[in-house]
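In: Let's see this in three dimensions:
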Amino acid sequence: MMPNVSTSMPIVKFILFGLATTSLFLGLANFQYGTKMEEVKREGIDLMIALDVSNSMLAEDLSPNRLERAKRAIYQLIEKLHNDRLGIIVFAGDAYVQLPITTDYSSAKLFLETIGTDIVPTQGTSIGSAIDLAMESFDFENGTSKAIIVITDGENHEEDAVVNAQSASEEGVSVHTIGMGSEGGAPIPIYKQGAQIGFRTDNQNNTVVSKLNEDMLKQIAAAGNGTYVRATNANAGLSIIMEEINKMEKKEFGSKTFKDYEDRFQIFLIIALVLLILEYFISNRKNTKLDRLNLFEKK
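Out: Residues are numbered from 1 along each chain as shown. Below you'll find the predicted structure:
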């Protein structure tokens, strides 16, 4: 009933379409073969963040509290870093290196999550110790620009913070400060097993109100040739300070050579395209010209 329909052409078309599909999937799998050498040069600045973890940072005049607001801002900062090296110092009555200076931003995020007010055994707010420890953590031989960002409510219990900031500035390190809190202040909550059980009180059983010491932080920033910003719920101030830091000269601090595989997906995509074109132009009908050709007909 359909003498012009070929029985072999649909099979050929099916085989071509199957091979094209296979080649397409191999191309999408990004088949790789062979290696190439690449060298990546790194240039940026060295940045140390000194984060106050004293009990006063639990005050809730910033949402959800001063410490958590600061940690979220630091996390957002890490997300925007590229080749800059970052270190984190925590301080209260004393200062400790939480994260040595590195370009491993994934580790920085993990270390940041573990920070709390119980991470430092001695309470207080020793900003001067944090600045000194940050200076000791820098490698001054690599020649990169360096900066320190102190994030605190400014309730400094030592008198050396301004002097230390000035000493850092004399060595070419700028010291910036971010004030966490408000002038009116807020009480410091006490937690037990995750639940709030009250507020901290003084010896006369009066509720302690922690206020932002803005004058102190302005003095530290001025002595350290840096910028002071007060944090708010809308903006923690790190973006403003990073705009100033990004104006600093970025120098190359190293290069890394690594092997990478050559992508070969283009070959399979080309094969798939050619096979699909062939499959499209092959007809399901018989070739009438070939039917008229009879090599064994007697003349």
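In: tally of neighbours for the residue nearest to residue 188 when sequence neighbours are not counted?
Out: Sequence neighbours aside, residue 200 is the residue nearest to residue 188 in space, at 4.3 Å (criterion: Cβ to Cβ, 6 or more residues apart in numbering). For glycine as for every other residue, the C-beta is placed from the backbone atoms N, C-alpha and C. When neighbours are defined as other Cβ atoms under 10 Å, residue 200 has 16 of them.
In: how far away is residue 200 from residue 127?
Out: As judged by Cβ to Cβ, to the nearest Å, residue 200 and residue 127 stand 21 Å apart.
In: just for the protein, where's the confidence low?
Out: 1-8, 31-42, 156-159, 251-263, 283-299 (pLDDT under 70).
In: Could you pick out the longest helix of it?
Out: As assigned by DSSP state H, the longest helix anywhere in the chain is helix 9-28.
In: ok, which stretches of this protein are helices?
Out: 9-28, 66-80, 105-113, 127-137, 161-170, 214-223, 238-245, 265-281, 288-291.
In: ok, and which of those has the densest surroundings?
Out: helix 127-137 (a mean of 22; mean count of other Cβ atoms under 10 Å).
In: who touches that helix?
Out: Residues outside helix 127-137 that contact it (Cβ atoms under 8 Å, 6 or more residues apart in numbering): 48, 50, 52, 87, 89, 91, 94-97, 100-101, 148, 150, 152, 154, 156, 158-161, 163-165, 167-168, 171, 173, 175, 220, 224.
In: Identify those among those residues that sit within strands.
Out: 48, 50, 52, 87, 89, 91, 95-97, 100-101, 148, 150, 152, 173, 175 (DSSP state E).
In: list the buried ones in stretch 193-201?
Out: Applying a neighbour-count criterion of 16 or more other Cβ atoms under 10 Å, one finds residue 200 buried in stretch 193-201.
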